[in-house]
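A.B. asks: Have a look; sequence and predicted model below, questions after that.
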Amino acid sequence: MTRDTTPTDRTEPQRSHSRRRVLALGVTTGTGALGGCLTDSGNGDAGSGSAGEGGSDRDGAANGSGDDGGTYVPTHFEAMRRLDPVEAGDYLLEPMLTYPHRFWNVTGDRVEEAAPTDDHDIHLMVTVRDAETGRVLPAETGLRVTVGREGESGTPHTPWPMVSQEMGFHFGDNLTLGGDGTYEATVRVGAIDARKTGSFAGRFAEPATATFAFEYDQAFRESVVGDIVYVREESDWGVRGAMANGSLGDGERSYGDADHEGPEFVDAQRQDADRDHRGEPRWEARVGDRRYGTYRRGPEEGELPPAAHLPGRLLAEPVVGDALLATTLLPAGSRFVDGDERYLMVSPRTPYNRSMLPMAALDYVLRRDGTAVASGALDVALDDAVGYHYGTALDDVASGDRVTLSVTTAPNVSRHAGYETALLETGEATLTAEVSE
């Protein structure tokens with residue numbers, strides 16, 4: 001799939017301040033105009049990516065020279081309004097609002113663009129967390145949102161489970177309101193059907209509901225456009241990499257917190273001493289307090305722990321379709337099994353940001369001396385320390401056995417710009433078991 005990077009709001013190469021003026025004009029006529037104007041947030045193939053030649057024509061999409069798909073740097077960091085978190089039973093809900101923009105729905109091997117229309121007013125997002133640990137919870141929660149004017153009955157919506165470089169895993173959709181005013185959103189979160197371990201065992205078994213209010217007005221429309229932060233156009237639009245997200249382990253969030261003082265752009269600082277998961281040079285750049293590139297995230301950052309911090313013996317981090325499949329083998333009798341079996345754990349994550357990849361299907365085959373001794377599907381599981389992963393108990397596994405992991409269904413989650421050309425492929429990876437006695 002080729003990333004979409006031709007701007008709709010310009011006909012020739014221009015600087016970002018020109019785009020900003022066009023976007024600002026758009027809000028004066030209502031956010032319906034934003035659907036057409038804000039189509040430049042980064043869909044470029046990884047490569048050199050000069051937007052001066054190719055530009056950008058989708059929300060966050062940016063041209064690049066590569067044609068192999070993959071995760072790439074969009075053109076800008078979105079601006080959004082974060083609302084106060086609200087508790088709903090075991091859940092903590094973090095609502096966010098921004099302008100209507102494009103995203104891509106994935107069903108099987110089909111990718112369909114969901115473009116905003118003139119009737120759309122906002123893009124509503126909700127991150128679901130465990131109220132006790134703050135860990136992001138997966139798509140198995142389901143979500144239903146009813147939105148209406150304060151004191152009036154609302155319209156029900158079923159937002160899409162989504163993955164975004166900036167927001168990580170969340171639920172979101174473009175919604176139509178009824179003009180300026182105060183609105184109430186009632187969110188119903190369902191029970192989690194995944195197998196739960198650790199302190200999550202026995203929890204998230206009941207649905208819960210919470211309500212929050214927000215203002216929709218001209219000030220909101222102007223702020224979610226005026227606070228957009230662009231990455232460096234000439235060198236970084238569409239290149240291999242990702243924007244840092246705001247899912248910090250200490251509970252702090254960085255959405256919309258950029259310091260807009262000083263220069264709008266910074267030069268990329270290439271760090272070629274190390275390599276990313278594709279063997280390409282790592283690099284990091286910043287604009288304001290926003291970070292992007294193929295940087296390493298610290299262990300305290302991200303929705304999922306680093307591979308080296310997973311329990312058990314790390315066997316490998318194979319890559320299938322740009323997804324990293326961090327795979328470990330746990331000793332007999334761990335909390336992940338009911339008896340004395342060992343546990344094979346596979347933790348798929350996005351490159352760079354370590355966001356979860358739910359709604360996938362993974363199989364395994366365990367071979368010894370070329371003969372299959374065990375096989376089957378990996379089960380979905382949710383753990384308070386490990387997070388969302390796939391796993392299975394193994395009765396008999398020895399050092400030297402070969403484990404083949406098969407991604408039979410790519411993650412069927414919707415994508416924001418930067419991911420819509422990645423994390424789509426099925427395929428296999430084979431690794432060698434190492435058993436600690």
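C.D. replies: That came through, no problem.
A.B. asks: since we're on residue 189, how many residues are nearby?
C.D. replies: By other CB atoms under 10 Å, the residues close to residue 189 number 24. All C-beta atoms are positioned from the backbone trio N, CA, C, and that covers glycine.
A.B. asks: Dig out what it forms beta bridges with.
C.D. replies: residue 143, residue 208 (DSSP bridges).
A.B. asks: And for residue 107?
C.D. replies: Bridge pairing for residue 107 - DSSP bridges - gives residue 110.
A.B. asks: Quick check: closest non-adjacent residue to residue 120.
C.D. replies: residue 100 (3.8 Å; CB to CB, 6 or more residues apart in numbering).
A.B. asks: I'd say that neighbour and residue 119 touch.
C.D. replies: No. Contact between residue 100 and residue 119 fails when scored by CB atoms under 8 Å: they sit 9.1 Å apart.
A.B. asks: Looking at those two, which one has more neighbours?
C.D. replies: Taking other CB under 10 Å, residue 100 and residue 119 do not tie; residue 100 has more neighbours (26 against 12).
A.B. asks: Give me the distance between that one and residue 201.
C.D. replies: 40 Å (CB to CB, to the nearest Å).
A.B. asks: for residue 291, same thing?
C.D. replies: Distance, residue 291 to residue 201, using CB to CB: 36 Å.
A.B. asks: For the two, indicate the residue with more neighbours.
C.D. replies: Each of residue 291 and residue 201 has its neighbours counted (other CB under 10 Å); residue 291 has more, 17 against 13.
A.B. asks: wait, doesn't the more buried one sit right on residue 298?
C.D. replies: No. Shown here, residue 291 and residue 298 do not form a contact pair, counting by CB under 8 Å, at 11.4 Å.
A.B. asks: Overlap of the contact sets of the two?
C.D. replies: Among the neighbours of residue 291, none is also in contact with residue 298 (CB atoms under 8 Å, 6 or more residues apart in numbering).
A.B. asks: In a strand, the residue nearest to residue 120, correct?
C.D. replies: No. Using DSSP: H, G, I helix; E, B strand; the rest coil, the assignment for residue 100 is coil, not a strand.
A.B. asks: how close does it get to residue 212?
C.D. replies: Distance, residue 100 to residue 212, by CB to CB: 19 Å.
A.B. asks: show me the contacts for residue 213.
C.D. replies: By CB under 8 Å, 6+ apart, the contact list for residue 213 reads 150, 182, 183, 184, 185.
A.B. asks: how about CSV for the residues you listed, with neighbour count, distance to residue 335 and pLDDT added?
C.D. replies: As requested, the contacts of residue 213 are arranged in CSV below (neighbours: other CB atoms under 10 Å; distance: CB to CB, whole Å; pLDDT from 0 to 100):
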residue, neighbour count, distance to residue 335, pLDDT
150, 12, 46, 91
182, 12, 47, 97
183, 23, 43, 97
184, 16, 41, 97
185, 23, 37, 97
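A.B. asks: Can you add secondary structure and distance to residue 345 and give those residues back as JSON lines?
C.D. replies: As requested, these are exported to JSON lines (DSSP: H, G, I helix; E, B strand; the rest coil; distance: CB to CB, whole Å):
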{"residue": "150", "secondary structure": "coil", "distance to residue 345": "46"}
{"residue": "182", "secondary structure": "strand", "distance to residue 345": "46"}
{"residue": "183", "secondary structure": "strand", "distance to residue 345": "42"}
{"residue": "184", "secondary structure": "strand", "distance to residue 345": "41"}
{"residue": "185", "secondary structure": "strand", "distance to residue 345": "36"}
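A.B. asks: Tell me the one of these nearest residue 282?
C.D. replies: residue 185 (40.2 Å; CB to CB).
A.B. asks: Can you tell me the closest non-neighbouring residue to the closest one?
C.D. replies: In space, residue 185 is closest to residue 147, 4.8 Å off (CB to CB, 6+ apart).
A.B. asks: Helix or strand: which one has that neighbour?
C.D. replies: strand 143-149 (DSSP states H and E).
A.B. asks: Show me which parts of that strand are buried, residue by residue.
C.D. replies: Within strand 143-149, the residues that qualify as buried are 143, 144, 145, 146, 147, 148, counting by 16 or more other CB atoms under 10 Å.
A.B. asks: for the residue nearest to residue 210 when sequence neighbours are not counted, which residues make a bridge with it?
C.D. replies: Of all residues not flanking residue 210 in the chain, residue 88 sits nearest, at 3.6 Å (CB to CB, 6+ apart). The partner list for residue 88 in beta bridges (DSSP bridges) reads residue 91.
A.B. asks: Just put the buried residues of strand 143-149 in CSV and tack on distance to residue 197.
C.D. replies: Conversion of the buried residues of strand 143-149 to CSV gives the following (distance: CB to CB, whole Å):
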residue, distance to residue 197
143, 23
144, 27
145, 29
146, 33
147, 35
148, 39
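A.B. asks: out of these, who's nearest residue 429?
C.D. replies: Here the nearest of those to residue 429, counting by CB to CB, is residue 143; it sits at 31.9 Å.
A.B. asks: contacting residues around that closest one?
C.D. replies: Counted by CB under 8 Å, 6+ apart, residue 143 has contacts 126, 128, 158, 159, 161, 171, 187, 188, 189, 190.
A.B. asks: And those residues, which of them are buried?
C.D. replies: Counted by 16+ other CB under 10 Å, the contacts of residue 143 give 126, 128, 159, 161, 171, 187, 188, 189, 190 as buried.
A.B. asks: Which two of those have the greatest separation?
C.D. replies: By the measure CB to CB, 161 and 188 form the most distant pair in the buried ones among the contacts of residue 143, at 14.8 Å.
A.B. asks: Nice, that's everything, thank you.
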